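J.: Here is my input; please provide its structure:
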Amino acid sequence: VQLVESGGGLAQAGGSLRLSCVASGSIFSINTMAWYRQAPGKQRELAAAIDEGGNRNYVDSVKGRFTISRDDAKNTVYLQMNSLKPEDTAVYYCKQVVSPAYYAGPRDFWGQGTQVTVSS
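T.: Reported below is the predicted structural model:
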């Protein structure tokens, strides 16, 4: 299973970006999809997650500004980021919990990361 992220880049404070993450390969089912982020000198943190029932959770710092969504037909998770702040600057990583086959248990798969930089 491979995850490919896109949509990162440079934005001004108050602007918007939309991240996408597509999974490909041997996929039987996908449980939770999530976006993590890691700022320079800080630990990686969960930014947003969505489970197979559509239940979402967000870190407090992004609530009301970021929206996570998924398209199961495309094995894709999105992160719409609005009202961006300089403190949102980080490498954003996609994670999908995938069962590669009906007989295989779910495993975590990660994308390579995409840089988001917000200028003040």
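
J.: if I pick the spatially most central residue of the chain, what's in contact with it?
T.: By CA atoms, centre = their mean, the chain has its centre lying nearest to Trp35, at 2.6 Å. Residues in contact with Trp35, defined by CB atoms under 8 Å, 6 or more residues apart in numbering, are 19, 21, 46-49, 68, 77, 79, 92-95. Where you see a C-beta, it was placed from the backbone N, CA and C, and this is true even at glycine.

J.: what's the pLDDT at the residue located most distally from the centre of the chain?
T.: Each residue of the chain has a distance to the centre, and by CA atoms, centre = their mean the biggest one is for Tyr103: 26.6 Å. We have a pLDDT of 91 for Tyr103.

J.: rewinding a little: do you know how far the residue nearest to the centre of the chain is from Asp51?
T.: To Asp51, Trp35 is 14 Å away according to CB to CB, to the nearest Å.

J.: likewise Thr89?
T.: 28 Å.

J.: do Asn82 as well
T.: Computed with CB to CB, the distance linking Asn82 and Asp51 is 23 Å.

J.: what do you get for Ser6?
T.: For Ser6, the distance to Asp51 equals 23 Å [CB to CB].

J.: Just to check, Ser99 is in contact with Ser26?
T.: No. The criterion here is CB atoms under 8 Å, and Ser99 misses it with Ser26 at 9.5 Å.

J.: More neighbours: which of those two?
T.: Ser99 (17 against 10; other CB atoms under 10 Å).

J.: That one: what's it in contact with?
T.: Contacts of Ser99 (CB under 8 Å, 6+ apart): Ile27, Phe28, Ser29, Ile30, Asn31, Gly105, Pro106, Arg107.

J.: ok, which stretches of the protein are strands?
T.: 2-6, 9-12, 17-24, 29-38, 45-50, 56-58, 66-71, 76-81, 90-99, 107-110, 114-119 (DSSP state E).

J.: Please look at Ala101 and Ser26 and confirm they touch.
T.: Yes. Contact criterion CB under 8 Å: Ala101 and Ser26 qualify, at 6.5 Å.

J.: re earlier: who wins for most neighbours among the contacts of Ser99?
T.: Result: Ile30 is most packed of the contacts of Ser99 (other CB under 10 Å), 21 neighbours.
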